[in-house]
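Asks: here you go, sequence then predicted model.
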Amino acid sequence: MDRLYRREVEQILGIYPPFQIKELHIDPEKELLEVEIEEQLKQTRRIFQANRPKTKRVQWHHTKLGRFSTVITLYATPHTFSKHRTINPPAFIGPEDSQYTYHLQQMVVLAANNNLKTDGIQKLLEVDRSIINQILADSENQEQEQQANTTLPLETDPIWKSIIRHEIPFKTQLAPLRFLLSKLELNCMNAKDDPSVMQNAVATLRQFFIKNARQLKSEYAQIGVLNTTPSEKQTESSEQSEGTKKRVTLTVDHPIWHSILQGEVDLLSKNMGLNLFITQLKTLYKKANDGQEQMQVARELLSYLKKNKNNLRNELMSISRMVKQMNEQPEKVDLPAPGHQLWSDILAGRTYIESDKMALKLLLVKARALEDQHEASALICDYFNRNKRSMDNELRQLEQHITAAV
């Protein structure tokens, strides 16, 4: 096969430097594709290691490529399974003593976490049952931190590129992560989205997530990964064993539905059906004439989540965490009545409330266009009262303005 074709297969399988495809072997009768890859060493290393004997040949089963079962072969170098490499390994290789790649491992573990049994996983991935059983057995024996790394999306997952390119909503309060994202975005822009530069940026971002897992619980939740320490997991299990399970029960009038349907929060769901349904509901919610119609739209969303709860576990966990955060925020501020001067000052621009909530900004534009100032003030006041739990920053600013006025 010519080099151009090997390059295309590298892009399909997500193979990136210092690895490259050396040979491709296709067996049409067995429907088997064997991809032999090699690790390119730096020139300085190659000089001193010219007489180094080859290490053992390793081989891993990978996910199918079309109708062909895929096997990846590699002659390992001393650096292949180094500690630095195994912290954030490429998806197309696997553990040193295993028969499967990290990508196949994650696919099996994610399927098992969604209550899919071995037979179902085998039919879905078309992989030998013995390999599936081995992956599940190895996963059970892993330490908690290793299990978290297993469920963390691999660098082949498009979510990392979407975060770097700002294609999806992603929020973080951790300054080092914000600086890193800015740096990676700039590097990719300067390289005009060169595949090798982008892949290196993805690997760097994922490694940051692994090294700082304890500080990134909110960020893990945004990409659909439950990140709990062993002590937290033990606490949760002990609370459940007491028979006093505290489940989050939501009604249609809970403010979380307003936040979702107004676009103030995003579930970052990978479920296309849910995303399309929410998009339709957002349009209906904005066109609603009164609170009753809005509540009916929220009821449709709640009903959809209940009917599809088995397929939307990550989304339901994200909603549960958002609700918990909203409930933990104290409602200390007693907002003034609609006729208070503060609302007039906000509408006139004499008092400025800094906010990143697009819904509030649009509402201010709408209110300022009204001829009836009392109606406009009531509109703003009502919005703040309905969204107290999700507007901690804005409420602090209001409290400061109220105190200064007194």
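Replies: Now that the structure is in, tell me what you want to look at. The structure presented is a predicted model; accordingly, all values stated were derived computationally and were not measured.

Asks: flag every buried residue along stretch 72-87.
Replies: By 16 or more other Cβ atoms under 10 Å, the buried positions in stretch 72-87 come out as 72-74, 77, 80-81. For the C-beta atoms, the positions are set from N, CA and C on the backbone; glycine is no exception.

Asks: contacts for the helix or strand residue 119 falls within next, please.
Replies: For residue 119, the element it lies in under DSSP states H and E is helix 118-125. Contacts to helix 118-125, defined as Cβ atoms under 8 Å, 6 or more residues apart in numbering, come from residues 63-64, 104, 107-108, 111-112, 116, 127-129, 132-133, 136.

Asks: list buried residues within these.
Replies: The buried subset of the contacts of helix 118-125 (16+ other Cβ under 10 Å) comprises 63, 104, 107-108, 111-112, 116, 127, 132, 136.

Asks: those into TSV, with extra columns for distance to residue 85, secondary structure and pLDDT?
Replies: Shown next, in TSV, are the buried ones among the contacts of helix 118-125 (distance: Cβ to Cβ, whole Å; DSSP: H, G, I helix; E, B strand; the rest coil; pLDDT from 0 to 100):
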residue	distance to residue 85	secondary structure	pLDDT
63	21	strand	90
104	18	helix	90
107	21	helix	86
108	22	helix	88
111	26	helix	83
112	26	helix	83
116	30	coil	83
127	25	coil	89
132	25	helix	90
136	24	helix	86
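
Asks: save the residues you listed as TSV, and put in distance to residue 317 too.
Replies: Below are those laid out as TSV (distance: Cβ to Cβ, whole Å):
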residue	distance to residue 317
63	26
104	25
107	20
108	21
111	17
112	17
116	18
127	27
132	25
136	22
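
Asks: ok, which pair from these is furthest apart?
Replies: 63 and 136 (16.2 Å; Cβ to Cβ).

Asks: backbone dihedrals for the residue nearest to residue 18 when sequence neighbours are not counted, please?
Replies: Among residues not flanking residue 18 along the chain, residue 40 sits closest, at 4.5 Å (Cβ to Cβ, 6 or more residues apart in numbering). Torsion angles at residue 40 (phi, psi; degrees, to the nearest 10) stand at phi -80, psi 120.

Asks: please name the nearest non-neighbouring residue to the spatially most central residue of the chain.
Replies: The residue lying closest to the centre of the chain (Cα atoms, centre = their mean) is residue 223, at 1.2 Å. Distances taken as Cβ to Cβ, 6+ apart place residue 159 nearest to residue 223, at 5.7 Å, with adjacent residues excluded.

Asks: pLDDT below threshold where in the stretch 301-406 of the chain?
Replies: 325-333, 389, 404-406 (pLDDT under 70).

Asks: please enumerate the helices of it.
Replies: 313-328, 341-348, 358-368, 373-386, 392-405 (DSSP state H, counting those that start in this stretch).

Asks: out of these, which gets nearest to residue 92?
Replies: helix 313-328 (24.9 Å).

Asks: now what about that closest one, what contacts it?
Replies: Against helix 313-328 from outside (Cβ under 8 Å, 6+ apart): 114, 218, 221-222, 224, 226, 248, 250, 254-256, 259-260, 265, 267-269, 271, 274, 305, 309, 389-390.

Asks: now it, how far from the chain's geometric center?
Replies: 14 Å (Cα atoms, centre = their mean, to the nearest Å).

Asks: flag every buried residue along it.
Replies: 314-316, 318-319, 321-323, 326.

Asks: turn those residues into JSON lines, including distance to residue 400.
Replies: Below are the buried residues of helix 313-328 laid out as JSON lines (distance: Cβ to Cβ, whole Å):
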{"residue": "314", "distance to residue 400": "38"}
{"residue": "315", "distance to residue 400": "36"}
{"residue": "316", "distance to residue 400": "37"}
{"residue": "318", "distance to residue 400": "32"}
{"residue": "319", "distance to residue 400": "31"}
{"residue": "321", "distance to residue 400": "29"}
{"residue": "322", "distance to residue 400": "26"}
{"residue": "323", "distance to residue 400": "27"}
{"residue": "326", "distance to residue 400": "22"}
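
Asks: which one of the residues you listed sits closest to residue 384?
Replies: residue 326 (14.7 Å).

Asks: show me where the stretch 51-200 of the chain has strands.
Replies: Applying DSSP state E, counting those that start in this stretch to the stretch 51-200 of the chain gives strands spanning 57-65, 68-75.

Asks: give the buried residues for stretch 215-228.
Replies: Here stretch 215-228 shows 216-217, 219-227 as buried, counting by 16+ other Cβ under 10 Å.

Asks: got a pLDDT number for the closest residue to residue 253 other than its chain neighbours?
Replies: In space, and not counting its chain neighbours, residue 253 is closest to residue 295: 6.4 Å by Cβ to Cβ, 6+ apart. Per-residue pLDDT puts residue 295 at 85.

Asks: ditto for residue 101
Replies: 91.

Asks: list the contacts for it?
Replies: 60-63, 72, 91-94.

Asks: which of the contacts of helix 313-328 fall within strands?
Replies: Among the contacts of helix 313-328, no member is found in strands (DSSP state E).

Asks: quick check, nearest of the buried residues of helix 313-328 to residue 401?
Replies: Once Cβ to Cβ is applied, the member of the buried residues of helix 313-328 that ends up nearest residue 401 is residue 326, at 23.2 Å.

Asks: now, which of the contacts of helix 118-125 sits nearest residue 191?
Replies: Distances from residue 191 to those, taken by Cβ to Cβ, are shortest for residue 63, at 28.5 Å.

Asks: element containing residue 279, please.
Replies: helix 272-287.

Asks: report the angle between that helix and helix 313-328.
Replies: 40 degrees (axes from the mean of the first three to the mean of the last three Cα atoms, to 10 degrees).

Asks: what pLDDT, on average, does helix 272-287 get?
Replies: Helix 272-287 comes out at a mean pLDDT of 86.

Asks: domain map for the chain?
Replies: 3-141, 144-237, 245-324, 341-405 (automatic domain parsing).

Asks: can you add distance to residue 334 and give the ones you listed back as a markdown table?
Replies: Putting these into a markdown table (distance: least, Cβ to Cβ, whole Å) gives the following:
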| stretch | distance to residue 334 |
| --- | --- |
| domain 3-141 | 45 |
| domain 144-237 | 28 |
| domain 245-324 | 18 |
| domain 341-405 | 9 |
